[in-house]
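S.K.: below are the sequence and a predicted model for it; my questions follow.
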Amino acid sequence: MQIDSAAIRKIFSRDLVDILVRVGLIGSLVILCVRVFSPFMGLMLWGLILAMALYPLHKHLVKRLRGRQGTAATVLVMTGLLVIGLPTVILGSSFAGHLHEVYSNFQDKTITIPQPDQTVAEWPLVGKKVYHAWQSAATNLPAFLEKVKPQLEQFTRHMLSLAASTAGGLFMFLGSLILAGIMMAYGESGSAAMKRILCRLSGPVRGPKLHSLSTATVRSVATGVIGVAFIQALLLGIGFILADIPAAGVLAVFVLLLGIAQLPAAIVFIPAIAYIWGYGDASTVSNVFFTVYLVVAGLSDNLLKPLLLGRGVEAPMPIILLGAVGGMVSAGIIGLFIGSVLLAVGYQIFMEWVDEAESDDLLAEPEQPDPPSPDTPVSD
């Protein structure tokens with residue numbers, strides 16, 4: 001069998017080699033850029049999400065400051081750092097000092113645990129177990145610690161891991177807030193550039209729609225997360241103050257941070273309920289009232305999130321909710337926003353494809369001729 005040399009020359013022509021070289025160079029450049037940018041991916045995504053969520057407030061502040069974009073962004077960032085960062089630093093410093101004091105007392109064997117009150121045994125469900133464990137620790141603390149040593153070590157490792165993860169997430173959030181301020185200062189040019197990219201990828205008609213949909217989805221999820229966390233912290237803070245719980249304001253700020261981090265508020269309100277029943281001076285009726293109030297306020301996010309998620313978005317609320325929950329399960333807190341945006345955009349593209357198919361079918365359907373009138377003569 002003879003090989004056609006002309007066909008071989010055609011396959012391996014200069015044009016094909018040039019295309020392969022260019023594709024290889026572009027692919028290599030993309031891979032290298034992703035590797036260089038990957039350490040900052042989470043920070044950039046958080047900064048972009050915060051900038052999109054806070055940009056309406058930034059625009060309102062710009063009008064008040066007579067068009068000074070940088071000043072408005074600086075005011076927003078400094079306010080966020082003072083509202084979130086300062087109480088967190090105070091709380092962390094106080095908590096670290098308390099842990100150091102407990103550890104020093106334990107090393108010096110001067111730590112003492114008071115005997116439990118008889119009312120502890122009357123707590124619902126867990127009262128008797130808590131009372132006996134508390135009494136055992138108060139009577140002979142070394143023996144009690146030796147008895148629960150495996151559970152205590154496992155609990156300590158879990159709490160240290162949770163504290164490290166929470167601290168890392170908090171520092172990333174504060175850093176992304178600063179980055180969001182820079183993005184908001186150049187918000188108009190950045191939005192125009194993103195719209196041009198989407199128009200280049202999906203066309204001049206669909207690009208602006210996807211841009212608006214992505215922005216509205218991020219703002220909706222931010223309202224459903226940060227807004228719900230603020231409402232929940234406010235409700236629990238009022239309950240802490242009325243129940244005369246110490247450091248009620250600090251606990252409310254901690255609830256706000258837990259809500260933003262998508263951690264359950266039960267971490268705070270369950271110990272608060274235990275304090276009410278163990279050390280409170282109010283009556284049983286008052287304790288029951290505050291217990292019910294704190295439980296309802298602590299679980300209010302389960303009702304508020306479905307109501308606030310998806311508002312103002314051209315996609316059904318269940319789609320936004322499924323995307324947010326699925327994204328959070330698969331990718332953590334950042335997936336809360338990415339998952340909802342991806343599912344909303346995918347739903348919109350799919351429905352447009354369905355509508356285009358229906359319109360094509362209507363255009364392709366031939367027109368049926370009108371039936372002959374009874375008065376019309378029929379030719380042979």
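M.R.: Nice, I can see it.
S.K.: quick one: distance of stretch 68-88 to the chain centre.
M.R.: Stretch 68-88 has its C-alpha centroid displaced from the chain centroid by 20 Å (CA atoms, centre = their mean, to the nearest Å).
S.K.: cool, and stretch 264-278?
M.R.: 24 Å.
S.K.: and it, average pLDDT?
M.R.: For stretch 264-278, mean pLDDT rounds to 84.
S.K.: buried set for it?
M.R.: For stretch 264-278, a neighbour-count test (16 or more other CB atoms under 10 Å) marks 265, 268-269, 272-273, 276-277 as buried. All C-beta atoms are positioned from the backbone trio N, CA, C, and that covers glycine.
S.K.: what's the answer for stretch 141-153, then?
M.R.: residue 144.
S.K.: may I have that stretch as PDB, with CA atoms only?
M.R.: Only the C-alpha atoms of stretch 141-153 are listed here, as PDB (Å, rounded to 0.1, in the frame of the first residue of the first chain):
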ATOM      1  CA  LEU A 141     -11.800  16.500  90.600                       C
ATOM      2  CA  PRO A 142      -8.700  14.400  89.800                       C
ATOM      3  CA  ALA A 143     -10.700  11.200  89.900                       C
ATOM      4  CA  PHE A 144     -13.400  12.700  87.700                       C
ATOM      5  CA  LEU A 145     -10.900  13.900  85.100                       C
ATOM      6  CA  GLU A 146      -9.200  10.500  85.000                       C
ATOM      7  CA  LYS A 147     -12.500   8.900  84.500                       C
ATOM      8  CA  VAL A 148     -13.500  11.100  81.600                       C
ATOM      9  CA  LYS A 149     -10.000  11.500  80.100                       C
ATOM     10  CA  PRO A 150     -10.700   9.800  76.700                       C
ATOM     11  CA  GLN A 151     -13.800  11.900  76.100                       C
ATOM     12  CA  LEU A 152     -12.000  15.000  77.400                       C
ATOM     13  CA  GLU A 153      -9.100  14.600  75.000                       C
END
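S.K.: look up how far residue 226 lies from residue 294.
M.R.: 22 Å (CB to CB, to the nearest Å).
S.K.: what about the two, which has more around it?
M.R.: residue 294 (24 against 16; other CB atoms under 10 Å).
S.K.: show me what contacts the more buried one?
M.R.: Listed by CB atoms under 8 Å, 6 or more residues apart in numbering, the contact partners of residue 294 are 236, 239, 243, 269, 272-273.
S.K.: how much space separates the closest residue in space to it that isn't next to it in sequence from residue 131?
M.R.: Spatial nearest neighbour of residue 294, chain neighbours left out: residue 269 (4.6 Å); criterion: CB to CB, 6 or more residues apart in numbering. Shown here: residue 269 relative to residue 131, a distance of 21 Å by CB to CB.
S.K.: next one: residue 322
M.R.: Relative to residue 131, and taking CB to CB, residue 322 is found at 44 Å.
S.K.: looks like residue 152 contacts residue 146 (just checking).
M.R.: No - judged on CB atoms under 8 Å, residue 152 makes no contact with residue 146 at a distance of 9.7 Å.
S.K.: between residue 322 and residue 131, who's got more neighbours?
M.R.: A direct count of neighbours by other CB under 10 Å for residue 322 and residue 131 places residue 131 higher, at 18 against 15.
S.K.: next one: the more buried one from residue 116, what distance?
M.R.: Distance from residue 131 to residue 116, by CB to CB: 5 Å.
S.K.: burial measure for residue 81, as a count.
M.R.: Here the number of neighbours of residue 81 (other CB under 10 Å) works out to 15.
S.K.: tell me who's in contact with it.
M.R.: Residue 81 sits next to 174, 177-178 when contact means CB under 8 Å, 6+ apart.
S.K.: most neighbours among these, which one?
M.R.: For the contacts of residue 81, neighbours were counted using other CB under 10 Å, and residue 177 has the most, 22 neighbours in all.
S.K.: what's the separation between residue 270 and residue 126?
M.R.: 11 Å.
S.K.: can you check residue 26 too?
M.R.: According to CB to CB, residue 26 and residue 126 sit 63 Å apart.
S.K.: same check on residue 45?
M.R.: In this view, residue 45 and residue 126 are 42 Å apart by CB to CB.
S.K.: and for residue 304?
M.R.: Taken as CB to CB, the span from residue 304 to residue 126 is 29 Å.
S.K.: so these two - more neighbours on which side?
M.R.: Remark: of residue 304 and residue 126, residue 304 carries more neighbours, 15 against 11, as counted by other CB under 10 Å.
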